[in-house]
Each structure stands twice: as structure tokens, then as C-alpha cells.
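Colleague: Need a 3D model of the following:
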Amino acid sequence: MKHKLLKTATLPLLLILLASCGITAPLLPYGPTPTPQQLQWQKREYYMFVHFGPNTFTDKEWGDGQEDPNVFNPVALDCEQWVRTAIAADMKGIILTAKHHDGFCLWPSKYSKHTVRESSWRDGKGDVLRELSEACKRHGLDFGVYVSPWDRNHPDYGTPQYNEVFAGTLNEVLSQYGPVFEQWLDGANGDADKGQLRQIYDWPLFHRTIYANQPDIVIFSDVGPGCRWVGNERGVASETNWGRLNIAGFEPGKGAPPVDTLQRGNIYGNAWVPVETDISIRPGWFYSASTDNEVKTGRQLMDIYYTSVGRNSNLLLNVPPNREGRISPIDSISLMEFKKERDMAFADNFLRYGEFKASSVRRPHKAHAAQNVNSSDYDSFWCPMDNDASPSIEINLREEKEFNCIVLQEYITLGQRISGFAIDNWDAANGQWTQIAEGTTIGYKRILRFAPAKGSKIRLRITSSLASPIINRVGLFNVS
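Modeller: Have a look, this model is predicted:
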């Protein structure tokens, strides 16, 4: 007991001694923090979703599981083309719908009789997962999978035995196709009001199976545990967006937290579960020739980028292959326009030659200096003193510029802290600062657009923070 009391008293005593010697206490994490895998996931920012299966050929969004397997016949399947398109668009990975709600498996699963094996495509010897995973590996692109727990074809669905079937299905997918960066799990289930079977899912079993095969994977669902759904399919994350979430007592599907909680997270959430925003480049998730004239333009995708990646979320953009098994030229052109828009918007950072001055700098000063926010090194950052009640950074641009967009990044390795900030422009004529923008959370990345302003000096003010703010990047741009 004496030893335990001594240990308990050691930290406060150490902090007092450090303060008396003029030394700043170590910078410690605040609240839940991302795992190395979650941090790497966040840095991907933007990757491709691929909805592909019988629905591609039946013009349905949700198949009923009774479709003839022979309907699946992508005569010119080219997963290499998918991968090349994703790379050209600067996407960091591809997540494939290996099994949608109809239960049709894009690989020859031993747990199902509704698979590519039962189709005449490639004489029943095809395997889309194999072709895509190998193409991703050849080109250095991350590979992910979506496997729906709802199965409208399997005879065991709705019984306790199905949980073992689904666990076996996950085991197949995650043990045979190399590294998988993300496992997509939604809470889709039958609707009893429509006479459909419902399944009581064994989520702990599913998670154990996933991690046993892929310990570094990020699991998506309404409540993670790796990342969470944004709460809509419009490509819009909340302007206030915490990477933390209270997940106890919730589960995917109807047992998920309220939509506004999924959107905003919980300021004092006890788990790190960041947001992923999913949306399709077309009105539907699966390809349909009838939507060829409704593909989102590069400009529309850019707006979605601002409301997803620009609001502390990753962007998962669905680009569905056509019936030949290739990404349509219309979709590809739109993706390239989107890339051009992004490249142009962020090509010229007005702060690259700036002079940075902070209201205070935590000791040791060089490690936490204001100039660090201009570094490309993610682990380089500015942090003020703990007793700085109004932390800020002034940035001299050295010449007058016109700008309308600022990019901010928090060093989330040590937690998400900032709950309010403002941007000021120096009014040289009147010799005073004028506020031109404000926001709440920052997180991994916040892109804030505002009315055009001109000036040679700006200021970032942290107006509220749960702990000493840590900023690791600031960029200033003039975007169209």
C-alpha cells in the first residue's frame, strides 16, 4: 500500500519540481487517441468504393437473392483498369463489395451456393477478389473489402447457425487475399414488417474473426471500432466533428447512435472512432446506363471534398464498373477533372515563405515552435504554454495576397483538443485585426472557405480548447 501511495504522489510532485526549475512538463496525450493503424487510415483521406455484382446487370440497388447466378457476366473484366484509374485519380485504395445483401459472393466461397462458381462467367472459375487484390498489390494500392452480414439467399439466415457461417465467410475473405486495410461492416438486416427474416448478429464473434486474420485492419460500422459512418450518403460531414464516440450500448444498424451523434461525435467520447463519408459518383451505388448523364462533375466532387475531407473525415467515393467489368469513361473523366480541381486549388500555399510568431511556445521552444506548422513533417507542430489563455499565431505573408481558404491540421496523435478557432486579417489602413472566419473543431484536417480577403498578415486564434492546442499544419490558399 505504501508503494502504491508513493507512486500516486510522484507525478504531481514531479510537475511542481519541473515548474520551480522553469522546465515545462512533458506533453501528454489528451483523451482517446488513434492507434497507429487509425492514424495511417486517416492519412489516406480519399479512396474508391466499388459496388459490383448481379445488381450491375439487373439494374437493381438491392437484389433479393433469387437472381440467376448466370446474370453475372462481366465479359471484359479488367481490375487493372480499376486500379490504374484509382491511382490516376490520386486515390489511396479500393474497397470492393465482395458480398452485397443479395448474398452473391464475388469469390468461390465454400459457405455459399450463390457465387461466381455457380455462374457461367469464366466457366465458373473466376474470382473477382483475387484479380483485384493482386492488381492492387502489383501497383501498391491498398485493398479493402465490404461483406454484408445480411444474406437474402443463404438458407441459414435468421438462425443462430448463420453467425458461424458469416464468421467463416469473413475468415475466407481475410485469409486468402493478402493485407486488407479496411473491413466494411454495415448493420443491414431483414425488415420484419415486410415479412423478411431478421438475424441477431454476433458482433464480438465477427470482430474476433476479423482481427485474428488481419490484426492491423480498420473496421468500419456505425460504431467502428475503427471508423464510423457519417450518418448520410450525401457526402456531408458535420462542421463540428469529433473523432471520439461513446460506443457502449450501441451496435451497427438499428442499434446505432442517433444520426446527429454519428455526424458530430461526442466531445468527451471514450473511444477514438473517426468519420468516413461515403457517397457515389452516380445517383445509385451500382452502375446503370440510365444514369450516364447524371455522373457528378469534377466541380461537384470538389464541393464534396470540402464537406468531407475538409471536415475531419475520410472520403470513400463509389465508382461502379459497368456491365463489361470496366469503369466507364464518363466516370473516369469526372475523376480526372476532380483531381485537376484539387491540384489547382492547393498548388500555391501563400504561407510557404511566411514568418511565424506565436503568443507563446511550450518548452523546449524549438520542438514546439510556431514555424513548425509550415513543415511537411506530420510529427512537427506548434504548442503554446499551458497558461496561455488566448493562444495564437501571427503569420506575415511578406507581401499582400488575396485568399479565401485556410487549411488547418491538429496533431491528433496526442488527441483532438480544439473546440473553437478564428481567423483574423490585419487591416493595415486602420492598424487593427479584423475577424474574417471562425470554426469549431479541427481534428486531422479542417478546410475552411470564406469570403475573399486581401492582406499581408493573418492570425490564427484558438478561442477554446480542452487542453493545450497542438497545430501541425496551416496553409492559406485562393481557391475557385
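
Colleague: Report the beta-bridge partners for the residue nearest in space to the middle of the chain.
Modeller: The structure's the chain has its C-alpha centroid closest to residue 314; by Cα atoms, centre = their mean the separation is 2.5 Å. In this entry, residue 314 is beta-bridged to residue 276, by DSSP bridges.

Colleague: Go ahead and confirm it touches residue 44.
Modeller: Yes - taking contact to mean Cβ atoms under 8 Å, the distance of 6.5 Å between residue 314 and residue 44 places them in contact. For glycine as for every other residue, the C-beta is placed from the backbone atoms N, C-alpha and C.

Colleague: Any stretches of this structure with poor pLDDT?
Modeller: Counting by pLDDT under 70, the chain contains low-confidence residues at 1-24.

Colleague: got the domain boundaries for it?
Modeller: The record's domain parsing of the chain by automatic domain parsing lists 36-345, 355-477.

Colleague: For residue 27, which of the ones you listed is the nearest?
Modeller: Shortest separation from residue 27 across the domains of the chain is recorded for domain 355-477, at 6.3 Å, computed as Cβ to Cβ.

Colleague: if you go through the stretch 51-200 of the chain in chain order, where are the strands?
Modeller: For the stretch 51-200 of the chain, strands defined by DSSP state E, counting those that start in this stretch occupy the ranges 93-99, 142-147, 182-184.

Colleague: can you pull the contacts of the nearest residue to residue 243 once chain neighbours are set aside?
Modeller: Nearest in space to residue 243, with sequence neighbours left out and distances taken as Cβ to Cβ, 6 or more residues apart in numbering, is residue 274 at 4.2 Å. Under the criterion of Cβ atoms under 8 Å, 6 or more residues apart in numbering, the contact list for residue 274 reads 34, 38, 41, 42, 227, 228, 243, 312, 313, 314, 443, 444.

Colleague: Looks like the fifth one contacts residue 272 (just checking).
Modeller: Which is residue 227. No - the pair residue 227 / residue 272 is not scored as a contact, 9.5 Å apart, by Cβ under 8 Å.

Colleague: Would you mind listing the buried residues in stretch 454-466?
Modeller: Along stretch 454-466, the positions that meet the burial threshold by neighbour count (16 or more other Cβ atoms under 10 Å) are 455, 457, 458, 459, 460, 461, 462, 465.

Colleague: again but with stretch 132-144, I slipped
Modeller: Buried residues in stretch 132-144, defined by neighbour count with 16+ other Cβ under 10 Å: 132, 133, 134, 135, 136, 141, 142, 143, 144.

Colleague: Tabulate those residues in a markdown table, adding columns for distance to residue 419.
Modeller: Putting the buried residues of stretch 132-144 into a markdown table (distance: Cβ to Cβ, whole Å) gives the following:
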| residue | distance to residue 419 |
| --- | --- |
| 132 | 41 |
| 133 | 41 |
| 134 | 45 |
| 135 | 43 |
| 136 | 39 |
| 141 | 36 |
| 142 | 32 |
| 143 | 36 |
| 144 | 32 |
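
Colleague: Just flag the most distant two among the residues you listed.
Modeller: Between all members of the buried residues of stretch 132-144, the longest pairwise span (Cβ to Cβ) is found for 134 and 144 and amounts to 14.7 Å.

Colleague: Which strands or helices does the helix or strand residue 455 falls within pack on?
Modeller: Taking DSSP states H and E as the definition, residue 455 sits inside strand 446-465. In terms of contacts (3 or more Cβ pairs under 8 Å, 6 or more residues apart in numbering; DSSP states H and E), strand 446-465 is packed against strand 392-410, strand 418-427, strand 432-439, strand 471-477.

Colleague: Deepest in the core, which of those strands is it.
Modeller: Burial of the helices and strands packed on strand 446-465 is given as mean neighbour count (mean count of other Cβ atoms under 10 Å); strand 471-477 ranks first at a mean of 22.

Colleague: can you give me how far that strand is from the chain middle?
Modeller: In this view, strand 471-477 has its centroid 20 Å away from the chain centroid, taken as Cα atoms, centre = their mean, to the nearest Å.

Colleague: who's in contact with that strand?
Modeller: With contact meaning Cβ under 8 Å, 6+ apart, strand 471-477 is reached by 345-346, 348-351, 372-375, 378-383, 393, 395, 397, 401, 403-411, 442, 458, 460.
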